[in-house]
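A.B. asks: Generate coordinates for the sequence data below:
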Amino acid sequence: MRGPLQEKCQELGIYGSLLIAKEGINGTIAGSRAGIDAILSHLRSLPGCSDLEHKESTASLPPFPRMKVKLKKEIVTMGQPDVDPKARVGHYVEAQDWNALISAPDVVVIDTRNDYEVGIGTFEGAIDPQTKSFREFPQWWEENKDRFHNKRVAMFCTGGIRCEKSTNYLLGQGVNDVYHLKGGILKYLEEVPQAESKWDGECFVFDARVSVGHGLKEGPHQLCYACRRPILPQDKERPEYEHGVACHQCSNETTEADKDRFRERQKQIHLARERGEQHMVGYDGN
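C.D. replies: Numbering: from 1, shown residues only. This is a model prediction of the structure:
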């Protein structure tokens with residue numbers, strides 16, 4: 001599937017990334033209205049993909065520099081061979097029903113995303129496992145599960161994909177009342193009016209927009225191209241910041257040798273731009 005799908009995307013002027021695994025297809029892509037309609041139709045014509053769900057938002061500038069179709073063992077790597085999201089998952093909760101669920105006194109709400117994502121926004125009262133990667137979630141659950149005895153567990157993530165696995169994992173651990181936000185935070189921000197929202201902050205997205213808010217409008221965040229964490233425009237005024245080299249979050253995590261390599265990378269990016277070669281929007285400071 002990979003080669004023909006890559007060719008089809010290029011033919012239609014589609015940019016972004018698509019992941020193919022035995023679990024299914026997932027990704028984020030951008031293009032013209034006609035191109036997006038055509039590639040969605042093509043994807044739904046593939047075996048097992050007729051019920052493919054998608055979410056839409058807009059970007060003021062092209063959010064991807066190229067198109068990549070990748071083969072993966074797992075769409076989202078959890079590292080648990082017994083987890084099978086195709087077998088069973090938690091109870092889906094529609095965006096419009098989410099507020100009522102997470103407001104119930106017998107419900108604990110868990111954010112399954114990584115710490116830097118949670119850092120710029122999450123639901124009111126949600127628990128942050130403070131994981132660096134999704135692989136750490138099973139260990140976190142094992143160490144903390146006693147806290148949630150006799151509780152219903154509601155979980156959420158960016159687009160709903162991670163929760164397909166996390167809810168299957170909890171069911172396998174003997175937790176019966178497991179729920180997850182269908183379509184994830186993005187569907188919630190798209191459908192729930194801000195005046196009724198229990199979301200606080202912005203939602204991190206893995207493209208040049210960096211974050212989105214209610215109505216999926218582009219947020220204020222930018223990216224530190226050294227550590228790939230979100231930063232605010234005012235963070236560039238901090239003494240630790242050097243474009244493409246360091247920010248206040250990663251300045252102490254890298255050596256001077258690392259920083260010299262990053263400076264050389266930035267130099268090559270600028271030279272490439274002068275030659276008219278394309279790079280991701282914002283990567284070179286523009």
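A.B. asks: What separation do you get for residue 106 and residue 92?
C.D. replies: 19 Å (Cβ to Cβ, to the nearest Å). Bear in mind the C-beta positions are built from the backbone N, C-alpha and C, glycine included.
A.B. asks: And the two? Which one has more around it.
C.D. replies: Comparing residue 106 with residue 92 by other Cβ atoms under 10 Å, the one with more neighbours is residue 92, at 14 against 8.
A.B. asks: Any buried residues in stretch 206-220, and which?
C.D. replies: The neighbour-count check on stretch 206-220 (16 or more other Cβ atoms under 10 Å) flags 206, 207, 208, 209, 210, 211, 212, 213, 214, 216, 218, 219 as buried.
A.B. asks: For residue 169, state which of these is nearest.
C.D. replies: Nearest to residue 169 among the buried residues of stretch 206-220 is residue 206, at 22.3 Å by Cβ to Cβ.
A.B. asks: so where does the closest one fall, helix or strand?
C.D. replies: Following DSSP states H and E, one finds residue 206 outside all helices and strands.
A.B. asks: Any idea which helix or strand in this structure has the lowest mean pLDDT?
C.D. replies: The weakest-scoring helix or strand in the chain, judged by mean pLDDT, DSSP states H and E, is helix 256-274 (a mean of 89).
A.B. asks: Show me how far that helix is from its chain's centre.
C.D. replies: 27 Å (Cα atoms, centre = their mean, to the nearest Å).
A.B. asks: Now it: buried residues?
C.D. replies: Neighbour-count burial for helix 256-274 [16+ other Cβ under 10 Å]: 259, 262, 266, 269.
A.B. asks: The residue lying closest to the first one once chain neighbours are set aside: how many residues sit nearby?
C.D. replies: In this structure, residue 259 finds its nearest non-sequential neighbour in residue 245, 5.2 Å apart by Cβ to Cβ, 6 or more residues apart in numbering. A count of neighbours around residue 245, defined by other Cβ under 10 Å, yields 21.
A.B. asks: Dump stretch 101-108 to CSV, restricted to CA.
C.D. replies: The C-alpha coordinates for stretch 101-108 follow below in CSV (Å, rounded to 0.1, in the frame of the first residue of the first chain):
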residue,chain,number,x,y,z
LEU,A,101,-19.2,12.4,32.4
ILE,A,102,-16.1,14.1,33.8
SER,A,103,-18.2,16.2,36.2
ALA,A,104,-19.5,13.0,37.9
PRO,A,105,-18.1,12.5,41.4
ASP,A,106,-17.2,8.8,40.8
VAL,A,107,-15.2,9.5,37.6
VAL,A,108,-11.4,10.1,37.5
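A.B. asks: buried residues in that stretch?
C.D. replies: Buried residues in stretch 101-108, counted by 16+ other Cβ under 10 Å: 101, 102, 107, 108.
A.B. asks: Just put the buried residues of stretch 206-220 in a markdown table and tack on secondary structure.
C.D. replies: Shown next, in a markdown table, are those (DSSP: H, G, I helix; E, B strand; the rest coil):
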| residue | secondary structure |
| --- | --- |
| 206 | coil |
| 207 | coil |
| 208 | coil |
| 209 | coil |
| 210 | coil |
| 211 | strand |
| 212 | strand |
| 213 | coil |
| 214 | helix |
| 216 | helix |
| 218 | strand |
| 219 | coil |
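A.B. asks: what's the closest of those residues to residue 136?
C.D. replies: Using Cβ to Cβ, these come closest to residue 136 at residue 206, 18.5 Å.
A.B. asks: can you pull the contacts of that closest one?
C.D. replies: Residue 206 sits next to residue 28 when contact means Cβ atoms under 8 Å, 6 or more residues apart in numbering.
A.B. asks: can you tell me how far it sits from residue 17?
C.D. replies: 9 Å.
A.B. asks: same deal with residue 155?
C.D. replies: In terms of Cβ to Cβ, residue 155 sits 24 Å off from residue 17.
A.B. asks: neighbour-wise, which of the two wins?
C.D. replies: Taking other Cβ under 10 Å, residue 155 and residue 17 do not tie; residue 155 has more neighbours (25 against 17).
A.B. asks: Excluding chain neighbours, give the residue nearest to residue 166 in space.
C.D. replies: Distance criterion Cβ to Cβ, 6+ apart; nearest residue to residue 166, sequence neighbours excluded, is residue 112 at 4.8 Å.
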